Each structure stands twice: as structure tokens, then as C-alpha cells.
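the following comprises the amino acid sequence and a computationally predicted model.
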Amino acid sequence: MKPWTFRRFGIVKELARPDRLLLDFDFRRVPRLRSIWAVCRIVGLRPAWIRTDRTRHGWHAVIQLCAPLTNAEIVACQAIMGSDSRREALNLMRVIAIRQRDPGPAWRDRWNILFECKLT
């Protein structure tokens, strides 16, 4: 995917997809993959792969799933896997807004984003 900027916030690394979980961890240590695998096993998800990337303030984890999920299921999975709670609260707000008001196709793939770097 070619990097591009989203408004003036930063360079986008990952956009929302029904078969991907995008997690943001704001701590120095590498996220424990064992706990992520445990959650996947409990809820019946099969990851094809998991990638972790170091960020300025922590880590990102991208989980490629073998089957698609609804937007609300994605938010729930990201939250219980330990992704930043404020980020997931905002994602849930966007998912509800999309369902209630359908702001158009532009938001359907931008409600859940990981940035390569922030420009601010």
C-alpha cells in the first residue's frame, strides 16, 4: 500500500479491513503474543499471521484473520486484546455513527486506522 496522509494528522500505515485487527499498545515492552493467541482461541478466531511494529510511543500489532468480522466485532476484539482503550472507544463511536447515519463510503475504510507516523 502506498503511504498517504489523512487530512493533516499523519501517514497512514493500515486502514480498516474486515479481516484485520489493528491494535495500538502504549507501553515500552513488546506486546505478549501469548495473550493475543489466547483471546483468539477463546473467541474462535484463526489468525493467519501477526505482525508487531515499534512506534514512537509503544507498539502496533496487525492481526490477519482467516475470516471477516463486523466492525463492532473488530472493536470488541481489539479492546479485549489490550489495545488502547481511548482509541477503541473512539472506534466504537465511529462504528455506531456509521450504522446510524452512514456518512458515506469514505468513512467505511477509515474508521480504524494505524498511522506510520504523526505529522503534528
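It's in.

distance of D109 from H57?
For D109, the distance to H57 (Cβ to Cβ, to the nearest Å) stands at 24 Å. Any C-beta I mention is one placed from the backbone N, CA and C, and that applies to glycine too.

mind checking the longest helix of the chain?
Counting by DSSP state H, the longest helix found in the chain is helix 85-101.

per-residue confidence averaged over that helix?
Per-residue pLDDT values over helix 85-101 give a mean of 93.

give me the helices and strands touching it, please.
With contacts taken as 3 or more Cβ pairs under 8 Å, 6 or more residues apart in numbering; DSSP states H and E, helix 85-101 sits against helix 71-80, helix 105-108.

and the ones you listed, which one is worst for confidence?
Looking at these, the bottom one is helix 105-108 with a mean of 76.

hey, C-alpha coordinates of it in CSV?
Output of helix 105-108 as CSV, limited to C-alpha atoms (Å, rounded to 0.1, in the frame of the first residue of the first chain):
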residue,chain,number,x,y,z
PRO,A,105,-18.1,5.2,1.6
ALA,A,106,-15.1,7.4,2.6
TRP,A,107,-15.5,6.5,6.3
ARG,A,108,-16.2,2.8,5.8
